[in-house]
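K.L.:
Fold the following and give me the result.
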Amino acid sequence: MKDTGSGIPKESQERVVERFYRVDKSRSKQTGGTGLGLAIVKHIVARHHAQIKLESEEGQGTEITVMFENQIQNA
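P.N.:
Numbers count the residues shown, from 1 in each chain. So this is what the prediction gives:
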(Lines give C-alpha, C1' and ligand atoms only; values in the text may rest on other atoms or scores of the structure.)
Protein backbone atom coordinates (compact mmCIF):
# COMPACT_ATOMS: atom_id res chain seq x y z
CA MET A 1 0.00 0.00 0.00
CA LYS A 2 1.39 3.40 -0.92
CA ASP A 3 0.05 6.89 -0.53
CA THR A 4 1.20 10.42 -1.24
CA GLY A 5 -0.02 11.88 2.04
CA SER A 6 1.84 13.86 4.64
CA GLY A 7 4.11 10.97 5.69
CA ILE A 8 4.91 9.71 9.18
CA PRO A 9 7.58 11.39 11.33
CA LYS A 10 10.57 9.13 12.12
CA GLU A 11 9.80 9.20 15.86
CA SER A 12 6.30 7.77 15.22
CA GLN A 13 7.11 5.11 12.63
CA GLU A 14 7.65 2.26 15.10
CA ARG A 15 4.54 3.19 17.07
CA VAL A 16 1.97 3.33 14.26
CA VAL A 17 1.27 -0.41 14.69
CA GLU A 18 0.31 0.05 18.37
CA ARG A 19 -3.38 -0.07 19.25
CA PHE A 20 -5.01 3.36 19.41
CA TYR A 21 -1.83 5.22 18.42
CA ARG A 22 -2.48 8.16 16.14
CA VAL A 23 0.30 10.33 14.76
CA ASP A 24 -1.87 13.46 14.60
CA LYS A 25 -3.18 13.90 18.14
CA SER A 26 -5.21 16.94 17.12
CA ARG A 27 -7.62 14.86 15.01
CA SER A 28 -10.76 13.73 16.76
CA LYS A 29 -12.17 10.19 16.56
CA GLN A 30 -15.03 11.56 14.43
CA THR A 31 -12.63 12.70 11.70
CA GLY A 32 -9.46 10.67 12.18
CA GLY A 33 -10.22 7.01 12.88
CA THR A 34 -9.51 4.89 15.93
CA GLY A 35 -5.86 3.97 15.49
CA LEU A 36 -6.65 0.26 15.13
CA GLY A 37 -6.04 -0.45 11.43
CA LEU A 38 -2.30 -1.13 11.44
CA ALA A 39 -2.50 -2.81 14.87
CA ILE A 40 -4.91 -5.35 13.37
CA VAL A 41 -2.63 -5.79 10.35
CA LYS A 42 0.35 -6.35 12.69
CA HIS A 43 -1.42 -9.26 14.42
CA ILE A 44 -2.55 -10.85 11.15
CA VAL A 45 0.96 -10.54 9.73
CA ALA A 46 2.49 -12.11 12.86
CA ARG A 47 0.02 -14.99 12.70
CA HIS A 48 1.21 -15.75 9.16
CA HIS A 49 4.92 -15.43 10.09
CA ALA A 50 5.29 -12.46 7.79
CA GLN A 51 6.90 -9.03 8.24
CA ILE A 52 5.74 -5.46 7.83
CA LYS A 53 8.05 -2.99 6.12
CA LEU A 54 7.24 0.70 6.50
CA GLU A 55 8.94 3.43 4.50
CA SER A 56 7.84 7.00 5.05
CA GLU A 57 9.16 10.47 4.55
CA GLU A 58 7.40 13.55 5.83
CA GLY A 59 5.80 15.46 3.00
CA GLN A 60 6.28 12.55 0.57
CA GLY A 61 3.90 9.83 1.75
CA THR A 62 4.12 6.31 3.15
CA GLU A 63 4.56 2.84 1.71
CA ILE A 64 3.69 -0.24 3.76
CA THR A 65 4.65 -3.67 2.45
CA VAL A 66 3.72 -7.06 3.91
CA MET A 67 6.29 -9.73 3.10
CA PHE A 68 5.43 -13.39 3.56
CA GLU A 69 7.99 -16.06 4.37
CA ASN A 70 8.87 -17.00 0.79
CA GLN A 71 9.32 -13.30 -0.10
CA ILE A 72 11.56 -12.76 2.95
CA GLN A 73 13.83 -15.67 1.98
CA ASN A 74 14.15 -14.34 -1.58
CA ALA A 75 14.78 -10.72 -0.56
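K.L.:
so how far does stretch 51-67 reach from one end to the other?
P.N.:
5 Å (Cα to Cα, to the nearest Å).
K.L.:
Tell me which residues of that stretch come out buried.
P.N.:
By neighbour count on 16 or more other Cβ atoms under 10 Å, the buried set for stretch 51-67 is I52, S56, T62, I64. Every C-beta, even on glycine, is put in place using the N, C-alpha and C of the backbone.
K.L.:
quick one: contacts of it?
P.N.:
With contact meaning Cβ atoms under 8 Å, 6 or more residues apart in numbering, stretch 51-67 is reached by 1-9, 13, 16-17, 38, 41-42, 45, 50, 72, 75.
K.L.:
Out of those residues, which sit inside helices?
P.N.:
Of the positions in the contacts of stretch 51-67, L38, V41, K42, V45, I72 sit in helices, assigned by DSSP state H.
K.L.:
circling back to that earlier point, can I get the buried residues of stretch 51-67 in JSON lines including secondary structure and pLDDT?
P.N.:
As requested, those are exported to JSON lines (DSSP: H, G, I helix; E, B strand; the rest coil; pLDDT from 0 to 100):
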{"residue": "I52", "secondary structure": "strand", "pLDDT": "94"}
{"residue": "S56", "secondary structure": "strand", "pLDDT": "96"}
{"residue": "T62", "secondary structure": "strand", "pLDDT": "96"}
{"residue": "I64", "secondary structure": "strand", "pLDDT": "95"}
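K.L.:
now the residues you listed as a markdown table including distance to T34?
P.N.:
Listed next are those as a markdown table, based on distance: Cβ to Cβ, whole Å:
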| residue | distance to T34 |
| --- | --- |
| I52 | 19 |
| S56 | 20 |
| T62 | 18 |
| I64 | 18 |
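K.L.:
where does this protein dip in pLDDT?
P.N.:
Across the chain, the ranges flagged by pLDDT under 70 are 27-32, 71-73, 75.
K.L.:
quick one, strands of it?
P.N.:
Ranges of strands within the chain are 51-57, 61-67, based on DSSP state E.
K.L.:
ok, H49 - contacts?
P.N.:
Counting by Cβ under 8 Å, 6+ apart, H49 makes contact with F68, E69.
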